[in-house]
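K.L.:
build me a model from this:
(chains A, B, C, D, E and F)
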4 protein chains.
Amino acid sequence: MKKFETKSFLLDVDVKSAIPIYEQIKDAIKMAIFSRQLKNNDKIISVRNLSTRHNINPLTILKAYGQLETEGFLYSRRGSGFYVKTSPEKSNKAKNDLLKKEVADFLKKMFSLGFSFKDLKKELKKYPEVSENDQN
Amino acid sequence: MKKFETKSFLLDVDVKSAIPIYEQIKDAIKMAIFSRQLKNNDKIISVRNLSTRHNINPLTILKAYGQLETEGFLYSRRGSGFYVKTSPEKSNKAKNDLLKKEVADFLKKMFSLGFSFKDLKKELKKYPEVSENDQN
Amino acid sequence: MKKFETKSFLLDVDVKSAIPIYEQIKDAIKMAIFSRQLKNNDKIISVRNLSTRHNINPLTILKAYGQLETEGFLYSRRGSGFYVKTSPEKSNKAKNDLLKKEVADFLKKMFSLGFSFKDLKKELKKYPEVSENDQN
Amino acid sequence: MKKFETKSFLLDVDVKSAIPIYEQIKDAIKMAIFSRQLKNNDKIISVRNLSTRHNINPLTILKAYGQLETEGFLYSRRGSGFYVKTSPEKSNKAKNDLLKKEVADFLKKMFSLGFSFKDLKKELKKYPEVSENDQN
DNA sequence: GTGGTCTAGACCACC
DNA sequence: GTGGTCTAGACCACC
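P.N.:
Next comes the predicted model:
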């Protein structure tokens, strides 16, 4: 009755990226939760284990885990590890909030850069999967 | 001998923003060039003048101007000032390149966050000016 | 975990020179790369360390490192340091481009000063290592 | 018996150049002297005249003329203008000194940049007029 | 007046 | 510890 089997998640850390490593870790875990790869009470890989595997400073990982705990996506048990804390509803809401925020931020940035709705529409048309009109 | 009258450009510096001040200055000048408010060989406001007006350190402004010089949007004349270096073609190309890059970066980021084309389309539909289909 | 041992390079800074200090630093690093003393992904001496060693302001060094980053010879990792980004091919090309440019600039300058090919040839003959003809 | 007819000299001022304008003026006058276009006691164009023609600040021109006076290539007469002061011997010597200095400076720079005699020789071979060997 | 380089020192994010 | 941004102020060359 192995209650607490460690579940892993996809993690591609780009150490050269401008995005801080701890943010990359947080994003990877969040997406694993949103896409249901990580479920409620799943035990995630330990700080030490992830550290040696990806050659990342343990403090950096702890920062990511700690912030996710603050945000309510993880909980920790002393001497045991970090566990996922979520529900389908919460997952969905968080995912939608993130989507909304990212799109709004992008539009805000584009306008502050001086681009118009028309500019954006023109460019997005080059990606038919995004802009095409479903007729039915 | 007032061949070189100083041309101004709109500059709203938000000191608290996460975007560095020198980036805000660069963006403002670029957009003034892209939108033809600043034309080839226009003299732009001097480092010191802009410095006292917006209460920004001259070095910060020089950093912005210097990088724009490196990028080919300005040239400087010692003892005289900074001048715009562009052409309608270059302006258009630069603007389009920026638009293309920003949109591509945004999409890349959204996918890496785990969002699908479908997610994006749904969210963009909330901004009819961007996504609406012109039928005629 | 000492994957990234700092590699050093020769640096003779002449504070009194007409050549800006940051240019001297840039040249020293470039030449270390061109001559293979610095290889891809080598960690170079930190801004602060170099600063205290040569008694140069950190900003001056950061300016040099930053420009080399823009030119594609370095990349930086926050909280970690600056690293070399190159390949033998790129190194060779950059070195040859620099050689070509310097020689072309020199010749251009000499002609604009009114000197002829004949003048130059005569003067270069005084430096046998440059002008001598290999007969075999 | 028009003793003091103004002699002109070729002057291409590149206002965008990194070379200070007064240096460009000095070089142009020196080369006109070295090439015998300007002879001893020739009257050169007045500060004011040159200023309006090339749209250069009179102070800049005066700085050039003044330094040439200090160097012994010009002399001035109050209320009359600037005149050439030279001799074929002096002209020749000055020209050769300049040639020697420019070549020595160039070689010094190339070595400090890490290039070898071999590198230079290779590059100069691309300019056959400079490097070719006269066999007879 | 103009730009250009540099210093000393602060404060921040990241590791 | 690392890089990154910014300030205040100095000094220089050039116009």
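K.L.:
where do the strands sit along chain A?
P.N.:
Counting by DSSP state E, one finds strands in chain A at the ranges A:6-7, A:43-44, A:74-77, A:81-84.
K.L.:
dump the ones you listed to JSON lines, plus mean pLDDT and distance to DNA strand E.
P.N.:
All C-beta atoms are positioned from the backbone trio N, CA, C, and that covers glycine. Formatted as JSON lines, the strands of chain A follow (pLDDT from 0 to 100; distance: least, Cβ to the nearest atom of the strand, whole Å):
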{"stretch": "strand A:6-7", "mean pLDDT": "78", "distance to DNA strand E": "23"}
{"stretch": "strand A:43-44", "mean pLDDT": "94", "distance to DNA strand E": "18"}
{"stretch": "strand A:74-77", "mean pLDDT": "95", "distance to DNA strand E": "18"}
{"stretch": "strand A:81-84", "mean pLDDT": "95", "distance to DNA strand E": "18"}
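K.L.:
now the ones you listed in a markdown table, with distance to C:Lys16 and mean neighbour count?
P.N.:
Below are the strands of chain A laid out as a markdown table (distance: least, Cβ to Cβ, whole Å; neighbours: other Cβ atoms under 10 Å in any protein chain shown):
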| stretch | distance to C:Lys16 | mean neighbour count |
| --- | --- | --- |
| strand A:6-7 | 62 | 14 |
| strand A:43-44 | 59 | 20 |
| strand A:74-77 | 58 | 15 |
| strand A:81-84 | 58 | 20 |
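K.L.:
right, and these - which one's nearest D:Ile45?
P.N.:
Among the strands of chain A, the nearest to D:Ile45 by Cβ to Cβ is strand A:74-77 (81.1 Å).
K.L.:
and the residue nearest the centre of chain A, how far is that from DNA strand E?
P.N.:
Central residue of chain A (Cα atoms, centre = their mean): A:Asp27, 2.4 Å from the mean position. Applying Cβ to the nearest atom of the strand, to the nearest Å, the value for A:Asp27 to DNA strand E is 13 Å.
K.L.:
now that residue. Nearest residue, chain neighbours left out?
P.N.:
B:Leu113 (6.0 Å; Cβ to Cβ, 6 or more residues apart in numbering or on different chains).
K.L.:
quick check, A:Lys125 in contact with A:Lys118.
P.N.:
No: the pair A:Lys125 / A:Lys118 is not scored as a contact, 11.0 Å apart, by Cβ atoms under 8 Å.
K.L.:
count of neighbours near A:Lys63?
P.N.:
17 (other Cβ atoms under 10 Å in any protein chain shown).
K.L.:
so A:Gly72 sits right up against A:Lys85, yeah?
P.N.:
Yes: if you go by Cβ under 8 Å, A:Gly72 and A:Lys85 touch, sitting 6.4 Å apart.
K.L.:
looking at those two, which has the bigger crowd around it?
P.N.:
Set side by side, A:Gly72 and A:Lys85 show more neighbours around A:Lys85, with 18 against 11, by other Cβ under 10 Å.
K.L.:
which ones are touching the more buried one?
P.N.:
The contact partners of A:Lys85, by Cβ atoms under 8 Å, 6 or more residues apart in numbering or on different chains, come to A:40-41, A:72-75.
K.L.:
out of the residues you listed, who's nearest A:Ile19?
P.N.:
Nearest member of the contacts of A:Lys85 to A:Ile19, counting by Cβ to Cβ, is A:Phe73, at 18.5 Å.
K.L.:
quick one: the closest one and A:Ser91, what's the gap?
P.N.:
Distance, A:Phe73 to A:Ser91, using Cβ to Cβ, to the nearest Å: 9 Å.
K.L.:
what do those two both touch?
P.N.:
Joint contacts of A:Phe73 and A:Ser91 (Cβ under 8 Å, 6+ apart) are A:Ile33.
K.L.:
correct me, but A:Ile33 touches A:Asn92?
P.N.:
No: A:Ile33 lies out of contact with A:Asn92 (Cβ under 8 Å); the separation is 10.7 Å.
K.L.:
more neighbours, those two?
P.N.:
Ranked by neighbour count (other Cβ under 10 Å), A:Ile33 and A:Asn92 place A:Ile33 first, with 26 against 12.
K.L.:
gap between the more buried one and A:Asn41?
P.N.:
12 Å.
K.L.:
okay, and the common contacts of those two?
P.N.:
In terms of Cβ under 8 Å, 6+ apart, A:Ile33 and A:Asn41 are both contacted by the residues A:Val84.
K.L.:
touching the helix ranked longest in chain A from outside, list them.
P.N.:
If you go by DSSP state H, chain A has its longest helix at helix A:88-112. Helix A:88-112 is contacted by residues A:30, A:33-34, A:36, A:72-73, A:119-120, B:27, B:102, B:106, B:109-110, B:113, B:115, B:119-120, B:123-124, B:127, B:130 when judged by Cβ under 8 Å, 6+ apart.
K.L.:
how about 6 Å then?
P.N.:
Here helix A:88-112 makes contact (Cβ atoms under 6 Å, 6 or more residues apart in numbering or on different chains) with A:33-34, B:106, B:119, B:123.
K.L.:
now do stretch A:55-75
P.N.:
Contacts of stretch A:55-75 (Cβ under 6 Å, 6+ apart): A:21-22, A:25-26, A:47, A:50-51, A:82-83, A:85.
K.L.:
tabulate the residues you listed (a markdown table), appending distance to C:Phe9.
P.N.:
What follows is the contacts of stretch A:55-75, written out as a markdown table (distance: Cβ to Cβ, whole Å):
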| residue | distance to C:Phe9 |
| --- | --- |
| A:Ile21 | 27 |
| A:Tyr22 | 32 |
| A:Ile25 | 34 |
| A:Lys26 | 37 |
| A:Val47 | 36 |
| A:Leu50 | 35 |
| A:Ser51 | 31 |
| A:Phe82 | 43 |
| A:Tyr83 | 49 |
| A:Lys85 | 50 |
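K.L.:
A:Val130: how many residues sit nearby?
P.N.:
For A:Val130, using other Cβ under 10 Å, the count is 17.
K.L.:
quick check: the gap between it and B:Met110.
P.N.:
In terms of Cβ to Cβ, A:Val130 sits 10 Å off from B:Met110.
K.L.:
that older thread, quick one: buried residues of the longest helix of chain A?
P.N.:
Neighbour-count burial for helix A:88-112, counted by 16 or more other Cβ atoms under 10 Å in any protein chain shown, picks out A:91, A:94-95, A:98-99, A:102-103, A:106-107, A:110, A:112.
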